[in-house]
Structure formats: structure tokens, C-alpha cells
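Visitor: This is the structure alone, sequence omitted:
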């Protein structure tokens, strides 16, 4: 059988193959989808892991009211939006008036 003897796949066959491939990729990824993350309320331990901070840092800042949070019952939680806010607040833009590092070393 040569390659010319094979019939080209139909549109339906291609769609079925793509659907199976997408399902396989989702199984391999194993992580929650973006929509699921938006609805998830993270514990201080998980939030600390995502922020690269300690759990104690997260708890202290929640108790002091320095970072946004919510409560599920009596337990503090952070949503994905809260975590993005904390990350954005830590962002610093370079000052255009700062001397280059080489000029500071030479001085």
C-alpha cells in the first residue's frame, strides 16, 4: 500500500482526533483551569507558596489588614485576584534618574 492509496481524513475525523488530543493534554496538565483558579480561595499556606513568601508573612499581613483577603467561615483565604494584587504592589519600576551601576562603582 502506497501513500497515494490512503484516503485523506474527513473533517469529522479530524475534529474527533483534535477533541481526543485536547482531552489528553488536559489529563497530562493535571492542574486546575484558569476558571477554576479564579473561583479558588487559597489557604495562607498555598498563598504563601504562590507568592514566594512564608506562611507566617501571609498570616501577619492578613491580621494587620495590609493585604486583601476574605474569610470562609473564620478561616482567612486569598483569591487569585488578591494574590495578583499583592504581586502588583511589590512591583517597582526603575527610576530614570538613577545612575548606572558602573558609574556608582567608579564614584
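Guide: The structure has been received and is ready for your questions. Given the structure is predicted, the values throughout are model-derived calculations rather than measurements. Numbering: from 1, shown residues only.
Visitor: pLDDT averaged over the strand ranked longest in the chain - what is it?
Guide: When the chain is parsed with DSSP state E, its longest strand is strand 75-79. Averaged across strand 75-79, the pLDDT comes to 93.
Visitor: partner strands of that strand, parallel or antiparallel?
Guide: Strand 75-79 has its sheet partners listed here by DSSP bridges as strand 41-42 (antiparallel), strand 70-72 (antiparallel).
Visitor: Dump these to CSV, plus distance to residue 54, mean pLDDT and mean neighbour count.
Guide: (C-beta placed from N, C-alpha, C; glycine too.) As requested, the strands paired with strand 75-79 are exported to CSV (distance: least, C-beta to C-beta, whole Å; pLDDT from 0 to 100; neighbours: other C-beta atoms under 10 Å):
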stretch, distance to residue 54, mean pLDDT, mean neighbour count
strand 41-42, 15, 91, 19
strand 70-72, 21, 91, 11
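Visitor: any chance of these in TSV, with distance to residue 51 too?
Guide: Output for those, formatted as TSV (distance: least, C-beta to C-beta, whole Å):
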stretch	distance to residue 51
strand 41-42	10
strand 70-72	16
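Visitor: just for this protein, where's the confidence low?
Guide: Residues of the chain meeting the criterion pLDDT under 70: 1-5, 28-39, 101-107.
Visitor: one more time with 90, if that's ok
Guide: The model of the chain has pLDDT under 90 over residues 1-41, 72, 87-107.
Visitor: other SSEs contacting the helix ranked longest in the chain?
Guide: Assignment by DSSP state H gives helix 11-29 as the longest helix of the chain. Packing partners of helix 11-29 (3 or more C-beta pairs under 8 Å, 6 or more residues apart in numbering; DSSP states H and E): none among the helices and strands.
Visitor: Please state the offset of that helix from the chain centre?
Guide: 24 Å (C-alpha atoms, centre = their mean, to the nearest Å).
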